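Q: Next comes the sequence, and after it the predicted model I'd like to discuss.
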Amino acid sequence: MKKQAQSEELMKPSFIVIEGLDGSGKTTLLKVLMDNLVEKRIRALSFKEPGDDNAIGRAFREMSKKGEKLPSLTSMYLLAAERFWRSHQVSRWLEERHTVIADRYYLSGMVYCGAEGVPFEKFATIHQGILKPDLYIYLDISLDLALERKGVAKDRWEELDILRRAASLYPKACEYLRETEAAEICAVDASQPIPGVLQETLFCISQRVSVNLF
(Lines give C-alpha, C1' and ligand atoms only; values in the text may rest on other atoms or scores of the structure.)
Protein backbone atom coordinates (compact mmCIF):
# COMPACT_ATOMS: atom_id res chain seq x y z
CA MET A 1 0.00 0.00 0.00
CA LYS A 2 1.39 3.36 -0.93
CA LYS A 3 1.96 6.07 1.65
CA GLN A 4 1.86 9.74 0.70
CA ALA A 5 3.32 12.99 1.92
CA GLN A 6 1.58 16.01 0.37
CA SER A 7 3.82 19.05 0.25
CA GLU A 8 5.47 21.66 -1.87
CA GLU A 9 8.37 20.44 -4.02
CA LEU A 10 11.77 20.96 -2.38
CA MET A 11 13.86 18.37 -4.22
CA LYS A 12 14.01 16.92 -7.71
CA PRO A 13 11.67 13.90 -7.92
CA SER A 14 13.85 10.81 -7.54
CA PHE A 15 13.44 7.04 -7.36
CA ILE A 16 15.28 5.67 -4.31
CA VAL A 17 15.29 2.01 -3.26
CA ILE A 18 16.19 0.50 0.11
CA GLU A 19 17.76 -2.95 -0.33
CA GLY A 20 19.17 -5.60 2.00
CA LEU A 21 18.68 -8.89 3.79
CA ASP A 22 15.56 -9.70 5.76
CA GLY A 23 16.30 -8.34 9.23
CA SER A 24 18.50 -5.51 7.95
CA GLY A 25 15.91 -2.87 8.90
CA LYS A 26 14.47 -1.93 5.50
CA THR A 27 10.88 -1.52 6.68
CA THR A 28 11.89 0.53 9.73
CA LEU A 29 14.15 2.77 7.65
CA LEU A 30 11.40 3.30 5.09
CA LYS A 31 9.04 4.52 7.82
CA VAL A 32 11.46 6.93 9.49
CA LEU A 33 12.72 8.20 6.13
CA MET A 34 9.18 8.92 4.95
CA ASP A 35 8.46 10.68 8.26
CA ASN A 36 11.60 12.77 7.76
CA LEU A 37 10.58 13.76 4.24
CA VAL A 38 7.12 14.74 5.49
CA GLU A 39 8.71 16.99 8.10
CA LYS A 40 10.80 18.62 5.37
CA ARG A 41 7.71 19.16 3.19
CA ILE A 42 9.00 16.92 0.40
CA ARG A 43 6.39 15.20 -1.77
CA ALA A 44 6.95 11.46 -1.42
CA LEU A 45 5.29 8.10 -2.07
CA SER A 46 6.44 4.64 -1.03
CA PHE A 47 5.80 1.00 -1.80
CA LYS A 48 7.03 -2.46 -0.83
CA GLU A 49 7.92 -5.13 -3.38
CA PRO A 50 6.54 -7.65 -4.16
CA GLY A 51 3.43 -5.59 -3.36
CA ASP A 52 -0.04 -6.42 -2.15
CA ASP A 53 -1.40 -3.63 -4.36
CA ASN A 54 -1.31 -5.67 -7.57
CA ALA A 55 -2.39 -9.17 -8.62
CA ILE A 56 1.10 -10.37 -9.62
CA GLY A 57 2.66 -9.36 -6.29
CA ARG A 58 -0.19 -10.90 -4.30
CA ALA A 59 0.12 -14.19 -6.20
CA PHE A 60 3.87 -14.32 -5.65
CA ARG A 61 3.53 -13.62 -1.92
CA GLU A 62 0.78 -16.19 -1.51
CA MET A 63 2.83 -18.92 -3.16
CA SER A 64 5.87 -17.98 -1.06
CA LYS A 65 3.93 -18.11 2.20
CA LYS A 66 2.65 -21.57 1.34
CA GLY A 67 6.24 -22.67 0.92
CA GLU A 68 5.60 -23.63 -2.68
CA LYS A 69 8.91 -24.34 -4.43
CA LEU A 70 8.74 -22.73 -7.83
CA PRO A 71 11.36 -23.32 -10.52
CA SER A 72 13.92 -20.53 -10.30
CA LEU A 73 13.04 -19.13 -13.73
CA THR A 74 9.33 -19.09 -12.82
CA SER A 75 10.10 -16.96 -9.76
CA MET A 76 12.24 -14.63 -11.88
CA TYR A 77 9.59 -14.16 -14.58
CA LEU A 78 6.87 -13.49 -12.00
CA LEU A 79 9.02 -10.87 -10.30
CA ALA A 80 9.97 -9.36 -13.66
CA ALA A 81 6.31 -9.08 -14.63
CA GLU A 82 5.58 -7.16 -11.44
CA ARG A 83 8.57 -4.87 -12.00
CA PHE A 84 7.42 -3.94 -15.49
CA TRP A 85 4.01 -3.12 -14.02
CA ARG A 86 5.65 -1.18 -11.19
CA SER A 87 7.86 0.74 -13.61
CA HIS A 88 4.82 2.32 -15.23
CA GLN A 89 3.41 3.23 -11.81
CA VAL A 90 6.66 4.79 -10.57
CA SER A 91 7.14 6.68 -13.85
CA ARG A 92 3.69 8.21 -13.40
CA TRP A 93 4.44 9.21 -9.81
CA LEU A 94 7.71 10.84 -10.88
CA GLU A 95 5.89 12.73 -13.62
CA GLU A 96 3.50 13.95 -10.92
CA ARG A 97 6.57 15.41 -9.13
CA HIS A 98 6.81 12.86 -6.29
CA THR A 99 9.96 11.32 -4.91
CA VAL A 100 9.43 7.55 -4.71
CA ILE A 101 10.95 5.36 -1.96
CA ALA A 102 10.79 1.58 -2.29
CA ASP A 103 11.34 -1.29 0.12
CA ARG A 104 13.19 -3.60 -2.33
CA TYR A 105 13.22 -3.67 -6.11
CA TYR A 106 15.70 -4.73 -8.81
CA LEU A 107 18.86 -5.33 -6.74
CA SER A 108 17.17 -7.63 -4.22
CA GLY A 109 15.47 -9.50 -7.05
CA MET A 110 18.85 -10.09 -8.66
CA VAL A 111 20.27 -11.36 -5.36
CA TYR A 112 17.43 -13.68 -4.37
CA CYS A 113 17.02 -15.11 -7.87
CA GLY A 114 20.80 -15.50 -7.89
CA ALA A 115 20.48 -17.49 -4.66
CA GLU A 116 18.37 -19.93 -6.67
CA GLY A 117 20.93 -20.21 -9.45
CA VAL A 118 19.88 -17.48 -11.91
CA PRO A 119 23.01 -15.73 -13.28
CA PHE A 120 23.13 -11.95 -12.90
CA GLU A 121 23.48 -11.58 -16.68
CA LYS A 122 20.27 -13.53 -17.39
CA PHE A 123 18.36 -11.61 -14.72
CA ALA A 124 19.52 -8.28 -16.19
CA THR A 125 18.57 -9.34 -19.73
CA ILE A 126 15.02 -10.28 -18.72
CA HIS A 127 14.64 -6.91 -16.96
CA GLN A 128 15.82 -4.78 -19.87
CA GLY A 129 13.48 -1.82 -20.18
CA ILE A 130 12.37 -1.46 -16.57
CA LEU A 131 12.82 1.85 -14.79
CA LYS A 132 16.04 1.80 -12.77
CA PRO A 133 16.47 3.68 -9.46
CA ASP A 134 18.39 6.93 -9.20
CA LEU A 135 19.91 5.60 -5.97
CA TYR A 136 20.11 2.31 -4.08
CA ILE A 137 20.51 2.38 -0.30
CA TYR A 138 22.08 -0.99 0.55
CA LEU A 139 21.72 -1.85 4.24
CA ASP A 140 24.94 -3.71 4.99
CA ILE A 141 24.60 -6.14 7.90
CA SER A 142 26.07 -9.47 8.98
CA LEU A 143 23.95 -12.56 8.45
CA ASP A 144 24.12 -13.40 12.18
CA LEU A 145 22.72 -10.03 13.23
CA ALA A 146 20.04 -10.12 10.53
CA LEU A 147 18.93 -13.56 11.72
CA GLU A 148 18.87 -12.36 15.32
CA ARG A 149 16.64 -9.43 14.39
CA LYS A 150 14.19 -11.04 12.00
CA GLY A 151 13.05 -14.02 14.07
CA VAL A 152 11.08 -16.93 12.56
CA ALA A 153 10.93 -17.26 8.78
CA LYS A 154 7.61 -16.05 7.34
CA ASP A 155 8.07 -17.58 3.89
CA ARG A 156 10.50 -19.71 1.91
CA TRP A 157 12.64 -16.68 0.94
CA GLU A 158 13.57 -16.22 4.61
CA GLU A 159 14.79 -19.79 5.05
CA LEU A 160 18.38 -20.09 6.27
CA ASP A 161 19.89 -21.63 3.14
CA ILE A 162 18.43 -18.88 0.94
CA LEU A 163 19.57 -16.14 3.32
CA ARG A 164 23.09 -17.54 3.48
CA ARG A 165 23.41 -17.46 -0.29
CA ALA A 166 21.79 -14.02 -0.49
CA ALA A 167 24.20 -12.61 2.10
CA SER A 168 27.17 -13.69 0.00
CA LEU A 169 25.63 -12.37 -3.24
CA TYR A 170 24.66 -8.83 -2.19
CA PRO A 171 28.21 -7.38 -2.43
CA LYS A 172 28.74 -9.15 -5.77
CA ALA A 173 25.44 -7.86 -7.17
CA CYS A 174 26.28 -4.32 -6.05
CA GLU A 175 29.60 -4.49 -7.86
CA TYR A 176 27.96 -6.01 -10.95
CA LEU A 177 25.40 -3.18 -11.18
CA ARG A 178 28.06 -0.53 -10.62
CA GLU A 179 30.15 -1.97 -13.46
CA THR A 180 27.43 -2.83 -15.98
CA GLU A 181 24.77 -0.17 -15.31
CA ALA A 182 26.73 2.62 -13.60
CA ALA A 183 24.32 2.20 -10.68
CA GLU A 184 24.52 4.63 -7.76
CA ILE A 185 24.71 2.37 -4.69
CA CYS A 186 25.34 3.68 -1.20
CA ALA A 187 26.20 1.10 1.48
CA VAL A 188 24.93 2.02 4.94
CA ASP A 189 26.03 0.33 8.18
CA ALA A 190 22.78 -1.33 9.28
CA SER A 191 24.24 -2.74 12.50
CA GLN A 192 23.92 0.63 14.25
CA PRO A 193 20.72 2.01 15.89
CA ILE A 194 18.13 3.39 13.49
CA PRO A 195 18.95 7.10 14.11
CA GLY A 196 22.46 6.46 12.80
CA VAL A 197 21.12 4.49 9.83
CA LEU A 198 18.77 7.36 9.01
CA GLN A 199 21.55 9.95 9.22
CA GLU A 200 23.81 7.95 6.89
CA THR A 201 20.89 7.50 4.49
CA LEU A 202 20.08 11.22 4.46
CA PHE A 203 23.75 11.98 3.80
CA CYS A 204 23.79 9.52 0.88
CA ILE A 205 20.64 11.02 -0.62
CA SER A 206 21.95 14.56 -0.14
CA GLN A 207 25.21 13.69 -1.92
CA ARG A 208 23.78 11.61 -4.76
CA VAL A 209 20.51 13.46 -5.46
CA SER A 210 21.95 16.94 -4.87
CA VAL A 211 19.61 18.10 -2.13
CA ASN A 212 20.31 19.26 1.43
CA LEU A 213 18.30 17.09 3.81
CA PHE A 214 20.04 18.36 6.95
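A: It's in.
Q: Pro50 and Ser75 touch, don't they?
A: No: using C-beta atoms under 8 Å, Pro50 and Ser75 do not qualify as a contacting pair, with a distance of 10.3 Å. Backbone N, C-alpha and C define where each C-beta goes, glycine included.
Q: which residues do those two both contact?
A: Common neighbours of Pro50 and Ser75, counting by C-beta atoms under 8 Å, 6 or more residues apart in numbering, are Phe60.
Q: Can you report how many residues lie near the closest residue to Val209 other than its chain neighbours?
A: Nearest residue to Val209, sequence neighbours excluded (C-beta to C-beta, 6 or more residues apart in numbering): Ser14, at 4.9 Å. When neighbours are counted by other C-beta atoms under 10 Å, Ser14 registers 19.
Q: Can you name the residues that contact Ser14?
A: Ser14 is in contact with 94, 99-100, 134-135, 205, 209, counting by C-beta under 8 Å, 6+ apart.
Q: Distance of it relative to Glu49?
A: As for Ser14, its distance to Glu49 is 17 Å (criterion: C-beta to C-beta, to the nearest Å).
Q: do the same with Met76
A: 14 Å.
Q: the bottom helix or strand of the protein by mean pLDDT?
A: Of all helical and strand segments in the chain, the minimum by mean pLDDT, DSSP states H and E falls on strand 3-5, at a mean of 46.
Q: picking up where we left off before, so what does the residue nearest to Val209 have for phi and psi?
A: phi -140, psi 160 (degrees, to the nearest 10).
Q: Then Leu70?
A: phi -90, psi 150.
Q: pLDDT on stretch 124-138, on average?
A: Taken as a whole, stretch 124-138 has a mean pLDDT of 96.
Q: likewise stretch 19-34?
A: Stretch 19-34 carries an average pLDDT of 95.
Q: now it, how far from the centre of its chain.
A: What separates the centre of stretch 19-34 from the centre of its chain is 9 Å, taken as C-alpha atoms, centre = their mean, to the nearest Å.
Q: show me where this structure has strands.
A: Assigned by DSSP state E, the chain shows strands spanning 3-5, 15-20, 44-48, 99-103, 135-140, 185-189.
Q: Check which helices and strands the last one sits against.
A: Packed against strand 185-189, as judged by 3 or more C-beta pairs under 8 Å, 6 or more residues apart in numbering; DSSP states H and E, are the following elements: strand 135-140, helix 160-181, helix 194-208.
Q: list the helices and strands the shortest one packs on?
A: The criterion is 3+ C-beta pairs under 8 Å, 6+ apart, and the helices and strands that strand 135-140 contacts are strand 15-20, helix 26-39, helix 160-181, strand 185-189, helix 194-208.
Q: quick one, which of those is packed in tightest?
A: Across the helices and strands packed on strand 135-140, averaging neighbours per residue (mean count of other C-beta atoms under 10 Å) puts strand 15-20 on top, at a mean of 26.
Q: if we can go back for a sec, mind putting the helices and strands packed on strand 135-140 in JSON lines, distance to Val111 included?
A: Rendered in JSON lines, the data for the helices and strands packed on strand 135-140 read as follows (distance: least, C-beta to C-beta, whole Å):
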{"stretch": "strand 15-20", "distance to Val111": "8"}
{"stretch": "helix 26-39", "distance to Val111": "13"}
{"stretch": "helix 160-181", "distance to Val111": "5"}
{"stretch": "strand 185-189", "distance to Val111": "12"}
{"stretch": "helix 194-208", "distance to Val111": "19"}
